[in-house]
Each structure stands twice: as C-alpha cells, then as structure tokens.
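Asker: When you get a sec, could you give me coordinates for this:
(2 chains)
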Amino acid sequence: MSENQEVSQNRWGHLRKVLERPGPFSHPEFEPSSDILDFIMSTCKVLVIGAGGLGCELIKDLALMGFKQLHVIDMDIIELSNLNRQFLFRHKDIGLSKAEVAAAFINKKVKGCQVTPHYCKIQDYDETFYKQFHIVVCGLDSIVARRWINGMLISLLNYEDNALDQTSIIPMIDGGTEGFKGHARVILPGISACIDCTLDLYPPQVTYPLCTIANTPRLPEHCIEYVKIIQWPKENPWGIAIDGDDPQHITWIYEKSLERALQFNITGVTYRLVQGVVKNIIPAVASTNAVIAAVCATEVFKLATSCCVPLNNYLVFNDVDGIYTYTFESEKKDNCLACSLIPQNLPVEDPSKMKLKDLIELFCESTSYQMKSPGLTTYINGKNKTLYISTIKSIEERTRENLTKSLIELGLQNGSEILVTDLTSPNTLTVRLKFVNNHIET
Amino acid sequence: MSSPAPKSPDQSDKSKKYDRQLRLWGDHGQKLLESSKICLINATALGTEILKSLVLPGIGAFTIVDGDKVSEEDIGSNFFLDEAHIGMSRAQAATECLLELNPDVRGDYIDDSPDHVMSQTQDFFSSFNVVIATALPEKVVMPLSRQLWAAGIPLLVCRSIGFLGYVRLQIKEHTVIEAHPDNESPDLRLDQPWEALRTHLNQIDVSTLGTKERSHVPALTVLYYYLQRFKEKHNGSLPKARVEKDELRDMIRSSLPGDCDMLEESYEQAVKLVNVCVHATQVPSYIRTLLDDEKCTNLTVESPSFWVICAALREMVQSEGVLPVRGSLPDMAADTSSFIALQQLYIKQAQNQAESVYRRAMQISRTLGQSPDVKLFCKHASELYVLRGNCISDEYQNSCPNVSLHLEDPESLMFYYVILRGLERFISEYNTYPGQFDDQVEPDVLKLKTLIGKLLTEWGCPAAVISDDRVHEVCRYGGAELHSVSAVLAGCTAHEVIKLITHQYKPINNTFIYDAITSTSATFVL
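Answerer: Predicted structure coming up:
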C-alpha cells in the first residue's frame, strides 16, 4: 500500500467504521464492504440545488461524508448580507457567482473533491442534465423552484404497464429554514409524498388589501406597500422598476413611507423594515442552516449507502424554546397534480358565467394549484387553440380579449381538456372540465 | 433626467452583514454577542462546527484549548483542518481557519491539554462567558464542571459518536427576558380597562352606527361594546363557558340590520377575537412563582438588574393586581384615526407603567442607573423565565438519576443516555473507544454491556432493559465521528450558546439526545 493510500485509508476511518461493519439498525439490504465508500467517492453523483445558506453547508457536509462527484447550481451572486452564514464566501467575493465560488472553495479545501458549479437557473437545463444524478438535494428558499425540480424528477420516472421502474427514481431531499425553524424531507418521486402532494403546508404569503393600503393604513407596512405599489409607478424616480438591492431605491421608499406614516400618525417605519417589506426578507441564522443542511446530508448518506434506514419522511425543527424536532410521514395525495397518474377534473358550476379570468384566478388562488402565471391552451374540434398566455407579449396581446369571455363563449364543453403550463412545473398539466349542472351539454 | 438624491440613513457595513440575524435578536442581542468570550475545549469536528456558527454571527472572541496534534482522521471529518496541518497543533490550525470566517472576531488558542491548563492556571476557564467541551473524558469533565458551577459560568458538554449525539447544559441560573413565544395572544385588558381606555371605548355607541361608520369602527371597540351588554345581562360576569362565548358571538352577529347579508369586516374580526381576548386578566402562575422567588424577595447588593426589576415589578403587581400591559395592538380592520387613537392608548399605558416600575426599581436600588432594560422588561413581563440547573458532577455521582421512568418506553432515547454514560466509563477504564479496533468489536460489546449493567445496578434499574442491539450499534461506531451528525449537533449547540449570551429564547433543560438513525431527538432533565 502506497503512503498516499494509507493516508486516505486513515483519513476516511470514521466513515469506514460505519460502512464496513454490520449494524443492527442498518437497511435490510446493507452489506458492509469497502465497495460502498468506493461507490460514494467515484460513482455516486449528487446535485446540490442552491449555494446559499443551506447550499454552502450541504456541499461541505457531503464532501466530508465522502461524496466527491458533486454538482451545484445557483443563479445568484454573493451579497454582503450573505456573509453571516454562507461561510464559503468572503468580502472579496461579493458580486461573484455563488455556485462558482462555493465549488472552488471546496475543491481547494477538501482534497479529492470535485464540485462542478453551474451558474444558471434550474430551468436552463432539461432532463438530459438531471438524469445523470443519483440523488438531488435542495437548499432553496422558493416554493416555485422546489415545485419545478419536483416536477422534473417526476417526469424522469418510467412506467411500464403502470408499474414504476425503480431504477428511474432519483430521490430528492429537500431542506428549508426560516429564522429558528426548519424542515428536512425525503421524497422518493412516485413512491412517497412529493412537494405538490403537500402544497397545503405552505402558508399563503401575507398580502394587504389594496383599499387598506390606499385609504386606511394602520401599520408601517401599509405605508411602505403604498409607496411600493402606488407611489413608485406614479412618480417613477429613476424610470425603472424597484431594485431592492439599490440603496438609493430603498432610501427613496423609506423617505416617502416616512412622510406617509407621519401624515397618518403611524409610527415604526424604519430603514430595516422598509428593506424587509420591499425585498420580502426572510430572517436567517447560521445555526439553523447548519442543522437542516446536516440532517439533509445525513439522509443523502443513508440513501447512497443503505447503512441506515432513511427518514420516513418529514422532519420539522424549531429551537426557539429548547430544541424541538418532530418526525412524521407526510402522505401521498391520491390525485396529486404532479405525481399521481390520475387525470385532473375541474368542476365548473356555471360555464356560461365563469369567465376565463376566473378560471386563471382559480389556478392561482386555489391551495391545490397555487400557480403563478398559468398559460392555457386547448383543443377545439381537434385544433389547437391558445386561450391565454401572459408570458409572451405578442400572444398576451392577441389573447387578452379571451379573459372576459365565458367558457361557453370560448367554445369549451363538458369534458374539454385544458393544457396548463406554469413556472411551477416543467410539465404541462391536463385539466378536464366537468360541468356540474350539465344541462348545457351539446 | 434629474434623479432625486436622498440622503442615505446610516447603514454600516456591519449592520448590512448581520441584517438577516438582527431581524431576530435585534441590535441589543447583537451587542451582547459581540462582547462575549467563548472557550472551546478540543477542536474536534463537532467543536469547530460549533465555533463556526458562533464566529459567523459575530461573537467577540474565542479561545481554543486543545493539546492534540492534527491527525489523518481529523482531516476526514473536520472541515477546518486539512492535509497541510497534519502533525500541527490542532488548536492552532483550527483557530487560524476559523478566524478567516469573520474579520470582526478575535481568536486565540492554547496548545495544551485542558486538564493541564486547569491545574496550571486556576480559574482559567472562569474568564469566559460560556465554556464548550467536546470529546472530553469524564475524569476531566468532573472537576471542570465543579469549578464552573462554583464560578457561575455556563458549561456545555457535547459528544458526537457515530449516529448519536449528546449535549448537556450546566447552568446555575439563567434568566430570559425575551422568550419570543411562537403563539402569543394579544394583551387587551377588555375585562378591566384602565380609565383612559374605558372612557375612550364608552364614548362610542356601536349600536347606533350607520353602514359607513360601521366599516370604520375597530373590532376591539365592537367587541368591548357587546361585552358590556353581555355583562349587564349576566350580573357583571364575563363569558367563560363555550355557550356563553357563543352567546356573545351571536350578540355581535345579530347586531347588524336585517338588510345586511354580510358582516362588516370589523364585526367578523370581533367575533373571532372573543375566544382569545375575552378572559379575566391574571398574572400567570409561573410569573407569580418567579416574583415570589427568594432571589426576588431577598435582594442583596450583588443582585443582578433582572432581580431588581423583578422586585419592582412585584411591588407593582401587589398594588395593581396585574402585570404591565404589553402596549401593542394587533392590526384590525378600522379607519386610520380610530385605530391609531386606540393604539396610542395602549402605548401610553405601557409607558406609564414602565415608568412606574422604573421609579420603584430606582428606589430599591440606586445603583441600577439609567437602565433602558425596564421598558423591554415590562413589555415582556408575561414571558419572563428563569432556568435553574444542576451540576454535571452531581448528576454523575447521583446514585439514583431520573432515568427509570423513561426506560419503560422501549422507544425512549433515554436508552442512549444510559449507553453514552457507559461509554464514558469505558473510555475512563480502557482509554479507548469501544470498538475502536476492528478485531475488538465483539469483546468490547461484552465489556460495554458489563459497564452499563453496573451503572444500572447502581441506579437500582434492571440491567436487562438495554437491548444488545443498541450496545452493539455503539461499538460498531468505534469512536467514529460522522461529520454530518456532528454538524447537526453543532448547529443546535451554537444556538444554545447564543441563547445564553443574549438572554433571549429558552435554552434546553438540560440534556439533549439526538439519534440520527431515526432522525429523532429528546430532551431530559437530569
């Protein structure tokens, strides 16, 4: 044995003990062997999505758990406010790609580790990219991105005669934090509850009614929203949209909000609050990110090595009052939008009253859809017809008039299928209309 | 195009860097953090990961005490050590790497074993705000715990082994002002409004309001009005039982004219407020206990300001029967001026009461000085918390610890506490971890079982309760430290340190066990 090999044998002695010795609580299929360490070092490819608070921790944790074939994807650049927790970044790195700096840091620090950075959006890649991984682990702060990658991994599943091909499953481990709270979950696409199965776990974002903001403000937040939503577009001081990272913009909003608050005798408008409201800032600390990322990394290790049975399937964490964890099995939803193979039926009370914009609103507001800007097409008499698409300007203009037409006026019938595309999934959702009071059927 | 050039409010680089955490523990919490001194004993993976989550948010300074040299195994689990460090002082290498994380933090190290340091420099460890020990053998933990107990310095003893983790907090007394409870019900005092509030609310005859005015009146005003009508009907008593609360809710609902098919928003909110806001205002029993605490009733010149203000608060409670009002009003549908007028009444009353507590506190202790704490203290008067722990050395010498009850539950993580105590004895006796050498796993299982059996007998518990599987699992680890398990524990421990320094959030009481096999955890008082 060469000296180098010896170092590496000793270096990974910790891992070798749990991988090369039998254990009473390991997975039934676990067979202790040195091949397992070889597998996680040279074969097992893990994708880390996000190189922020969780992502930095995840890459470090995985690198020290023996994983060497790591990829990390993040579209963001490093900001000063990241440095209180994103420990792979330094002051000199501000403005650089998170994925690239994080990968370079780990590759330098952990000998033998090969992290490949991807400085782009997850939507920039298609299934040929995602297919190469054994496990995907997410440290994201966006529900839309979680749903998108969830949909992507589901689209990679192979079914033969309705039976799921087990080799097409890419497990997804998802972590999230907010202040001192967090969660970690293990998703086996097609087998256990997916992100869309549990959409009702995500609370709707706090929004203030427009009439309160405009007429009866009571809170400092109402004043800030007023400036953001009404005063900015009207006065548009720089002729551009608000940039939450531009201190001049924040200062302008701060001063105008202060004026408005003064006018209404409202106290409590501070620069920090203005920033928080404008950028929708979620508080974050190093410790919670460390905990949640490490729970996720432990699950990646369990799945890759079978040395223990993985988490089934959801853990919540909170260390405000002592340290609290709770583990439970979240349930697969029978008619899940994303992972069930069941066609989605949409009951419609009165298709002559329901306008297309009502239908779109339903896709956005309903807890089971929670879409962002759905694009709708259908087939009428075998011909493809675009109902409404907001994301492409020319089509938006051409289809805008449809918004105020009723479903009947648009030629839709009981049983018509609507194809819905949205930011929340790479896949097209087919929804079949079910007219409840079915007297208009032709 | 001429751009407005507003003057930027002073936002220092530091406040930008720490923005995401300042939103949690505030500038006052950060100030405490920045003046703290933390000691880490042993720069294990667990130890350096704890310091990482303390250096990043900006503690004042740290010192690492570790007499070991960096080994090959260290670099496999410890992110802050790499191949170039092999053979170097572990304390030094870790200190240098940790300091790179945050230029605002100072750090130094002592390349010497903790027991030697303890015997050479008396009270060395007493100069810190918190001491954290990882992988420290029982024979050193014992004298250290006694010394820090006597000095009143909090100590956290942590161990990470295989898929298991252990954190024990030793603290004589710890006081919390801002507990940040998750679900706090509003403090509105509708059952006993002070004069200004009563006068204000009585001015409004809700029953005569027109449609437009109804949409402007705050829910609180509506609720108060119908609460008065309810009390008139029921000899002045508040609705308590569900049926009574239903009656009050019906009174609010049916008050609207027949032609309205929809409740005004403020009426709807008033109905919802019945459950959380209509009750007799009382001093919670845990606050009563705290105010009757000996520390509060027998002040000395050394009493910390927490207890001086408590004594002042106690006087106020004795004369008024209630805690100071919190002084915040939840948002509710209403026009601006009615809401602000109401809100001002709550703020003013909170100010008056805080001033009164402050005056009392100054009378009690002239040395209190211009303490801005009193206002904060009064605002959080209903969440004050005191934790009193016990000494680890006493726990380890206790012949009858509080374990047997938990051992009746086969899923209880208390089993791992017992096994970890056995593991400590194993290390003391054999100077190695059970299962450290591949050919000794089976013999070590037997040795460890014997030691655990002895412990249980000492405690008067049946030895048979510990399953062979669990003992075997711990011997499988052979002292291995898995980075991701250490990182979970480290994140938890770092936040406990932050709680201790900031006096915000409630710390663990007192033993935390983490089982990464099942991803579960438990906390026990031992």
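
Asker: residues from the stretch 351-500 of chain B in reach of chain A?
Answerer: B:435, B:438, B:441, B:469-470, B:472-473, B:476-478, B:480-488, B:490-492, B:494-496, B:498 (Cβ under 8 Å from any Cβ of the partner chain). All C-beta spots, glycine's among them, are computed from the backbone N, C-alpha and C.

Asker: I'd say A:Val186 and A:Val300 touch.
Answerer: No - shown here, A:Val186 and A:Val300 do not form a contact pair, counting by Cβ atoms under 8 Å, at 9.3 Å.

Asker: Let's verify the closest residue to A:Asn335 other than its chain neighbours: helix, strand, or coil?
Answerer: Distances taken as Cβ to Cβ, 6 or more residues apart in numbering or on different chains place A:Ile342 nearest to A:Asn335, at 4.9 Å, with adjacent residues excluded. Assigned with DSSP: H, G, I helix; E, B strand; the rest coil, A:Ile342 falls in the coil class.

Asker: how close does A:Ile342 get to B:Ser319?
Answerer: 67 Å (Cβ to Cβ, to the nearest Å).

Asker: B:Tyr286 now?
Answerer: 21 Å.

Asker: of those two, who's got more company?
Answerer: Neighbours per residue (other Cβ atoms under 10 Å in any protein chain shown) separate B:Tyr286 from B:Ser319, with B:Tyr286 holding more: 13 against 9.

Asker: So which residues of the stretch 251-400 of chain A form strands?
Answerer: With DSSP state E, counting those that start in this stretch, the ranges of strands along the stretch 251-400 of chain A come out as A:314-318, A:324-328, A:344-348, A:375-380, A:383-388.

Asker: quick one: buried residues of the last one?
Answerer: For strand A:383-388, the buried set under the neighbour-count rule, 16 or more other Cβ atoms under 10 Å in any protein chain shown, comprises A:387-388.

Asker: From the contact counts, what lies against it?
Answerer: With contacts defined as 3 or more Cβ pairs under 8 Å, 6 or more residues apart in numbering or on different chains; DSSP states H and E, strand A:383-388 has these neighbours: helix A:356-365, strand A:375-380, helix A:393-399.

Asker: ok, now with 6 Å
Answerer: Secondary-structure packing of strand A:383-388 (3 or more Cβ pairs under 6 Å, 6 or more residues apart in numbering or on different chains; DSSP states H and E): strand A:375-380.

Asker: pLDDT (mean, whole number) over the strand it packs on?
Answerer: Mean pLDDT, taken over the full extent of strand A:375-380, equals 93.

Asker: repeat for stretch B:120-137
Answerer: Regarding stretch B:120-137, the rounded mean pLDDT is 95.

Asker: and that stretch with chain A, contact?
Answerer: No - shown here: stretch B:120-137 not in contact with chain A (Cβ under 6 Å from any Cβ of the partner chain), separated by at least 12.8 Å.

Asker: Show me the contact partners of the helix or strand A:Trp232 falls within.
Answerer: Element membership for A:Trp232 (DSSP states H and E) is helix A:232-235. With contacts defined as Cβ atoms under 6 Å, 6 or more residues apart in numbering or on different chains, helix A:232-235 is touched by A:Ile242.

Asker: one more time with 8 Å, if that's ok
Answerer: A:242, A:253 (Cβ atoms under 8 Å, 6 or more residues apart in numbering or on different chains).

Asker: what comes up buried for it?
Answerer: Across helix A:232-235, burial judged by 16+ other Cβ under 10 Å covers A:Trp232.

Asker: Lovely, talk soon.
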